[in-house]
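Asks: need a 3D model of the following:
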Amino acid sequence: MPELPEVETVKTYLSEKILNKKIINTKVLNPKLRWPINSNSIRNLKGQTIQKVARRGKYILLQFNGCKLTMVIHLGMTGIVSFKEFGKYKRQKHDHLLLYFEKFLLIYNDVRKFGSIHTTNKLSNMFLLKNLGPEPLSESFNIDYLINVANKRKCSVKELIMNQRIVVGVGNIYATEALFLSKIHPSMFANKVTKSQYKKLIKNIQLVLSRAISMGGSTIKDFVNAEGKPGYFSQELLIYQKKYCPIHKKNLISNIKISGRSSFFCNKCQTL
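Replies: Okay, here's the model as predicted:
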(Lines give C-alpha, C1' and ligand atoms only; values in the text may rest on other atoms or scores of the structure.)
Protein backbone atom coordinates (compact mmCIF):
# COMPACT_ATOMS: atom_id res chain seq x y z
CA MET A 1 0.00 0.00 0.00
CA PRO A 2 1.42 3.43 -0.89
CA GLU A 3 2.48 5.28 2.25
CA LEU A 4 3.79 8.79 2.84
CA PRO A 5 6.91 8.70 0.61
CA GLU A 6 5.02 7.15 -2.31
CA VAL A 7 2.11 9.56 -1.99
CA GLU A 8 4.49 12.51 -1.64
CA THR A 9 6.20 11.43 -4.86
CA VAL A 10 2.87 11.30 -6.70
CA LYS A 11 1.82 14.64 -5.20
CA THR A 12 5.01 16.34 -6.36
CA TYR A 13 4.56 15.14 -9.93
CA LEU A 14 0.89 16.14 -9.94
CA SER A 15 1.83 19.60 -8.74
CA GLU A 16 4.30 19.97 -11.62
CA LYS A 17 1.73 18.72 -14.12
CA ILE A 18 -1.64 20.22 -13.15
CA LEU A 19 -1.10 23.18 -10.78
CA ASN A 20 -2.99 26.22 -12.13
CA LYS A 21 -4.56 24.10 -14.87
CA LYS A 22 -8.30 24.18 -15.58
CA ILE A 23 -10.42 21.03 -15.71
CA ILE A 24 -12.42 21.28 -18.94
CA ASN A 25 -14.41 18.07 -18.50
CA THR A 26 -14.78 14.99 -16.28
CA LYS A 27 -15.94 11.42 -16.77
CA VAL A 28 -16.60 8.74 -14.16
CA LEU A 29 -15.99 5.44 -15.96
CA ASN A 30 -16.60 3.16 -12.99
CA PRO A 31 -17.74 4.59 -9.64
CA LYS A 32 -17.11 1.35 -7.74
CA LEU A 33 -14.25 2.01 -5.33
CA ARG A 34 -14.03 1.48 -1.57
CA TRP A 35 -16.55 4.32 -1.34
CA PRO A 36 -18.42 4.89 -4.61
CA ILE A 37 -17.41 7.98 -6.57
CA ASN A 38 -20.10 10.64 -6.44
CA SER A 39 -20.54 11.44 -10.14
CA ASN A 40 -22.50 14.63 -9.45
CA SER A 41 -19.80 16.13 -7.24
CA ILE A 42 -17.11 15.21 -9.76
CA ARG A 43 -19.15 16.81 -12.55
CA ASN A 44 -19.12 20.08 -10.58
CA LEU A 45 -15.34 20.27 -11.02
CA LYS A 46 -15.77 21.17 -14.68
CA GLY A 47 -14.38 24.67 -15.21
CA GLN A 48 -12.49 24.69 -11.90
CA THR A 49 -8.78 25.57 -11.76
CA ILE A 50 -6.46 23.62 -9.48
CA GLN A 51 -4.95 26.21 -7.17
CA LYS A 52 -3.04 23.91 -4.80
CA VAL A 53 -1.79 20.33 -4.75
CA ALA A 54 -1.09 19.07 -1.24
CA ARG A 55 -0.77 15.91 0.84
CA ARG A 56 -2.18 15.00 4.23
CA GLY A 57 -0.89 11.66 5.45
CA LYS A 58 -1.44 9.26 2.56
CA TYR A 59 -4.14 11.40 0.93
CA ILE A 60 -3.60 13.70 -2.06
CA LEU A 61 -5.51 16.97 -1.99
CA LEU A 62 -6.42 18.91 -5.14
CA GLN A 63 -7.77 22.27 -4.04
CA PHE A 64 -9.98 24.64 -6.06
CA ASN A 65 -11.88 27.92 -5.74
CA GLY A 66 -9.62 29.64 -3.24
CA CYS A 67 -9.06 26.24 -1.58
CA LYS A 68 -12.73 26.15 -0.48
CA LEU A 69 -13.35 23.01 -2.54
CA THR A 70 -11.05 19.97 -2.39
CA MET A 71 -10.77 16.65 -4.18
CA VAL A 72 -9.34 13.98 -1.86
CA ILE A 73 -7.60 11.06 -3.56
CA HIS A 74 -6.71 7.92 -1.63
CA LEU A 75 -4.60 5.46 -3.63
CA GLY A 76 -5.56 2.49 -1.46
CA MET A 77 -3.45 -0.56 -2.31
CA THR A 78 -3.20 -0.35 -6.11
CA GLY A 79 -4.41 3.11 -7.12
CA ILE A 80 -2.40 4.74 -9.91
CA VAL A 81 -2.64 8.27 -11.28
CA SER A 82 -1.29 8.70 -14.81
CA PHE A 83 -1.53 11.03 -17.79
CA LYS A 84 -2.19 10.58 -21.50
CA GLU A 85 -2.24 13.04 -24.37
CA PHE A 86 -5.52 13.50 -26.20
CA GLY A 87 -5.85 10.92 -28.96
CA LYS A 88 -3.50 8.45 -27.28
CA TYR A 89 -5.81 7.32 -24.49
CA LYS A 90 -7.28 3.83 -24.72
CA ARG A 91 -9.55 2.80 -21.90
CA GLN A 92 -8.10 0.14 -19.59
CA LYS A 93 -10.16 -2.36 -17.64
CA HIS A 94 -9.67 -0.78 -14.23
CA ASP A 95 -9.84 2.91 -15.17
CA HIS A 96 -12.30 4.69 -12.87
CA LEU A 97 -12.02 8.43 -13.47
CA LEU A 98 -10.89 10.83 -16.19
CA LEU A 99 -10.14 14.52 -15.68
CA TYR A 100 -9.77 16.41 -18.94
CA PHE A 101 -7.29 19.27 -19.19
CA GLU A 102 -6.46 21.34 -22.27
CA LYS A 103 -3.84 19.01 -23.73
CA PHE A 104 -4.01 15.81 -21.70
CA LEU A 105 -6.06 13.51 -19.50
CA LEU A 106 -5.55 12.52 -15.87
CA ILE A 107 -6.53 8.86 -15.36
CA TYR A 108 -7.22 7.15 -12.04
CA ASN A 109 -6.83 3.37 -12.30
CA ASP A 110 -7.32 0.95 -9.40
CA VAL A 111 -7.17 -2.82 -9.89
CA ARG A 112 -8.24 -3.84 -6.39
CA LYS A 113 -10.61 -0.90 -5.83
CA PHE A 114 -9.48 -0.12 -2.27
CA GLY A 115 -8.76 3.51 -3.12
CA SER A 116 -11.33 6.30 -3.13
CA ILE A 117 -12.05 9.75 -4.54
CA HIS A 118 -14.11 12.38 -2.75
CA THR A 119 -14.90 16.09 -2.94
CA THR A 120 -15.49 18.26 0.12
CA ASN A 121 -15.95 21.92 0.96
CA LYS A 122 -15.19 21.28 4.65
CA LEU A 123 -11.72 19.77 4.63
CA SER A 124 -11.21 19.95 8.40
CA ASN A 125 -14.34 17.83 8.96
CA MET A 126 -13.74 15.33 6.16
CA PHE A 127 -14.13 11.86 7.66
CA LEU A 128 -10.86 10.47 6.30
CA LEU A 129 -8.79 13.42 7.55
CA LYS A 130 -10.30 14.83 10.72
CA ASN A 131 -8.71 12.36 13.17
CA LEU A 132 -5.24 12.11 11.65
CA GLY A 133 -2.15 12.65 13.80
CA PRO A 134 0.71 15.04 13.02
CA GLU A 135 2.93 14.75 9.98
CA PRO A 136 6.15 12.88 10.91
CA LEU A 137 8.37 15.47 9.22
CA SER A 138 6.70 18.39 11.01
CA GLU A 139 7.71 20.15 14.22
CA SER A 140 4.55 18.79 15.87
CA PHE A 141 6.03 15.29 15.85
CA ASN A 142 8.50 15.82 18.69
CA ILE A 143 9.70 14.07 21.80
CA ASP A 144 7.26 15.77 24.19
CA TYR A 145 4.31 14.81 22.01
CA LEU A 146 5.41 11.21 21.47
CA ILE A 147 6.28 10.55 25.13
CA ASN A 148 2.92 11.94 26.18
CA VAL A 149 0.90 9.67 23.86
CA ALA A 150 3.15 6.63 24.47
CA ASN A 151 2.69 6.77 28.24
CA LYS A 152 -1.06 6.39 27.76
CA ARG A 153 -0.80 3.31 25.53
CA LYS A 154 -0.38 -0.40 26.25
CA CYS A 155 0.30 -1.37 22.63
CA SER A 156 3.69 -2.22 21.12
CA VAL A 157 5.94 0.59 19.96
CA LYS A 158 5.50 -0.56 16.35
CA GLU A 159 1.72 -0.36 16.64
CA LEU A 160 2.13 3.10 18.17
CA ILE A 161 4.11 4.60 15.29
CA MET A 162 1.89 2.93 12.68
CA ASN A 163 -1.29 4.33 14.23
CA GLN A 164 -2.47 7.06 11.83
CA ARG A 165 -4.21 8.88 14.69
CA ILE A 166 -0.83 9.27 16.42
CA VAL A 167 1.43 9.98 13.44
CA VAL A 168 0.59 9.68 9.76
CA GLY A 169 2.35 7.83 6.98
CA VAL A 170 4.76 5.56 8.87
CA GLY A 171 3.87 2.35 7.07
CA ASN A 172 5.14 -1.14 7.81
CA ILE A 173 8.33 -0.87 5.77
CA TYR A 174 9.35 2.48 7.25
CA ALA A 175 8.44 1.52 10.82
CA THR A 176 10.54 -1.66 10.47
CA GLU A 177 13.56 0.23 9.15
CA ALA A 178 13.36 3.05 11.74
CA LEU A 179 13.03 0.63 14.66
CA PHE A 180 16.06 -1.31 13.45
CA LEU A 181 18.17 1.85 13.13
CA SER A 182 17.05 2.84 16.64
CA LYS A 183 17.83 -0.63 18.07
CA ILE A 184 14.30 -0.96 19.47
CA HIS A 185 12.47 -4.29 19.44
CA PRO A 186 9.17 -3.86 17.52
CA SER A 187 7.10 -5.65 20.17
CA MET A 188 8.41 -3.62 23.12
CA PHE A 189 5.53 -1.97 24.99
CA ALA A 190 5.25 1.67 23.94
CA ASN A 191 5.15 2.88 27.56
CA LYS A 192 8.42 1.02 28.31
CA VAL A 193 10.48 2.72 25.61
CA THR A 194 12.79 5.33 27.16
CA LYS A 195 12.93 9.01 26.28
CA SER A 196 16.38 8.63 24.74
CA GLN A 197 15.12 5.72 22.63
CA TYR A 198 12.17 7.79 21.43
CA LYS A 199 14.52 10.63 20.49
CA LYS A 200 16.46 8.20 18.31
CA LEU A 201 13.25 6.78 16.88
CA ILE A 202 11.89 10.20 15.85
CA LYS A 203 15.20 11.03 14.21
CA ASN A 204 15.30 7.73 12.33
CA ILE A 205 11.65 7.88 11.23
CA GLN A 206 12.39 11.27 9.72
CA LEU A 207 15.65 10.03 8.20
CA VAL A 208 14.06 6.97 6.61
CA LEU A 209 11.06 8.88 5.26
CA SER A 210 13.17 11.72 3.88
CA ARG A 211 15.51 9.28 2.17
CA ALA A 212 12.58 7.32 0.75
CA ILE A 213 10.97 10.50 -0.61
CA SER A 214 14.24 11.46 -2.32
CA MET A 215 14.28 8.04 -4.03
CA GLY A 216 10.64 8.06 -5.10
CA GLY A 217 9.35 5.73 -2.38
CA SER A 218 9.54 1.93 -2.25
CA THR A 219 8.26 -0.56 -4.77
CA ILE A 220 7.89 -4.01 -3.25
CA LYS A 221 5.09 -5.22 -5.51
CA ASP A 222 2.67 -2.81 -7.21
CA PHE A 223 3.61 0.84 -6.71
CA VAL A 224 4.53 3.05 -9.64
CA ASN A 225 4.40 6.83 -9.59
CA ALA A 226 2.47 9.10 -11.95
CA GLU A 227 5.25 8.74 -14.53
CA GLY A 228 4.99 4.95 -14.40
CA LYS A 229 8.31 4.59 -12.55
CA PRO A 230 8.93 2.39 -9.48
CA GLY A 231 10.29 3.67 -6.17
CA TYR A 232 13.98 2.92 -5.64
CA PHE A 233 14.24 3.09 -1.84
CA SER A 234 13.51 -0.66 -1.77
CA GLN A 235 17.10 -1.12 -2.98
CA GLU A 236 18.39 0.46 0.25
CA LEU A 237 16.28 -1.45 2.76
CA LEU A 238 18.41 -2.78 5.60
CA ILE A 239 16.13 -5.34 7.24
CA TYR A 240 12.66 -5.48 5.70
CA GLN A 241 12.29 -8.88 3.95
CA LYS A 242 16.05 -9.50 4.37
CA LYS A 243 17.62 -12.80 5.40
CA TYR A 244 20.65 -11.65 7.39
CA CYS A 245 21.36 -8.68 9.65
CA PRO A 246 23.54 -6.06 7.91
CA ILE A 247 25.53 -5.60 11.15
CA HIS A 248 25.74 -9.18 12.49
CA LYS A 249 26.27 -10.68 9.07
CA LYS A 250 25.60 -14.31 9.99
CA ASN A 251 22.62 -13.65 12.22
CA LEU A 252 19.28 -14.56 10.63
CA ILE A 253 16.58 -11.89 10.64
CA SER A 254 13.51 -12.80 12.73
CA ASN A 255 9.97 -12.16 11.56
CA ILE A 256 6.94 -11.99 13.85
CA LYS A 257 3.37 -10.80 13.31
CA ILE A 258 2.28 -7.58 15.01
CA SER A 259 -1.31 -6.57 14.28
CA GLY A 260 -1.22 -8.96 11.35
CA ARG A 261 1.82 -7.31 9.74
CA SER A 262 5.22 -8.89 9.17
CA SER A 263 7.71 -7.39 11.61
CA PHE A 264 11.34 -8.03 10.77
CA PHE A 265 14.02 -7.50 13.41
CA CYS A 266 17.47 -8.65 14.53
CA ASN A 267 17.43 -10.38 17.91
CA LYS A 268 20.98 -9.21 18.57
CA CYS A 269 20.52 -5.54 17.62
CA GLN A 270 16.96 -5.19 18.96
CA THR A 271 16.59 -6.87 22.33
CA LEU A 272 13.65 -6.73 24.73
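
Asks: so which residues of the stretch 151-272 of the chain form helices?
Replies: For the stretch 151-272 of the chain, the helices defined by DSSP state H, counting those that start in this stretch cover 157-162, 172-182, 195-214.

Asks: any idea of the mean pLDDT for the second one?
Replies: For helix 172-182, the mean pLDDT works out to 95.

Asks: contacts for it next, please.
Replies: Outside helix 172-182, the residues that touch it by Cβ atoms under 8 Å, 6 or more residues apart in numbering are 3-5, 157-158, 161-162, 170, 185-186, 197, 200-201, 203-205, 207-209, 212, 218, 220, 237-240, 261-266, 269-270. All C-beta atoms are positioned from the backbone trio N, CA, C, and that covers glycine.

Asks: need the strands for the stretch 101-250 of the chain, in chain order.
Replies: Ranges of strands in the stretch 101-250 of the chain, per DSSP state E, counting those that start in this stretch, are 104-110, 116-120.

Asks: report the separation between the closest residue to Asn151 other than its chain neighbours and Glu135.
Replies: Leaving aside its chain neighbours, Asn151 sits nearest to Asn191 (5.3 Å; criterion: Cβ to Cβ, 6 or more residues apart in numbering). According to Cβ to Cβ, to the nearest Å, Asn191 stands 24 Å off from Glu135.

Asks: can I assume Lys158 is in contact with Ile258?
Replies: Yes - with contact defined as Cβ atoms under 8 Å, Lys158 and Ile258 form a contacting pair (5.2 Å).

Asks: neighbour count: these two, which is higher?
Replies: Between Lys158 and Ile258, Lys158 has the larger neighbour count (other Cβ atoms under 10 Å), namely 26 against 19.

Asks: tell me the contacts of the more buried one?
Replies: Applying Cβ under 8 Å, 6+ apart, the residues near Lys158 are Ala175, Thr176, Leu179, Pro186, Ser187, Ile258, Ser259, Ser263.

Asks: neighbours around the last one, how many?
Replies: What that stands for is Ser263. Neighbour tally, Ser263, other Cβ under 10 Å: 21.

Asks: pLDDT score for Phe223?
Replies: pLDDT, read off for Phe223, is 43.

Asks: make 277 the first number, not 1, from now on.
Replies: Okay, using 277 as the starting number, the last item reads as Phe499.

Asks: circling back to that earlier point, which of the contacts of Lys434 has the most neighbours?
Replies: Tallying neighbours with other Cβ under 10 Å puts Leu455 at the head of these, with 30 neighbours.

Asks: that one and Asn467, how far apart?
Replies: Leu455 is 16 Å from Asn467, where distance means Cβ to Cβ.

Asks: got it, and Thr452?
Replies: Distance, Thr452 to Asn467, by Cβ to Cβ: 21 Å.

Asks: same thing with Ile442?
Replies: Ile442 is 13 Å from Asn467, by Cβ to Cβ.

Asks: compare the two and say which is more crowded by neighbours.
Replies: Ile442 (21 against 15).

Asks: check contacts around the more buried one.
Replies: Contacts of Ile442 (Cβ under 8 Å, 6+ apart): Gly409, Val425, Leu436.

Asks: any chance of CSV for the residues you listed, columns distance to Leu345, pLDDT and neighbour count?
Replies: Shown next, in CSV, are these (distance: Cβ to Cβ, whole Å; pLDDT from 0 to 100; neighbours: other Cβ atoms under 10 Å):
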residue, distance to Leu345, pLDDT, neighbour count
Gly409, 25, 97, 19
Val425, 33, 97, 16
Leu436, 35, 98, 23
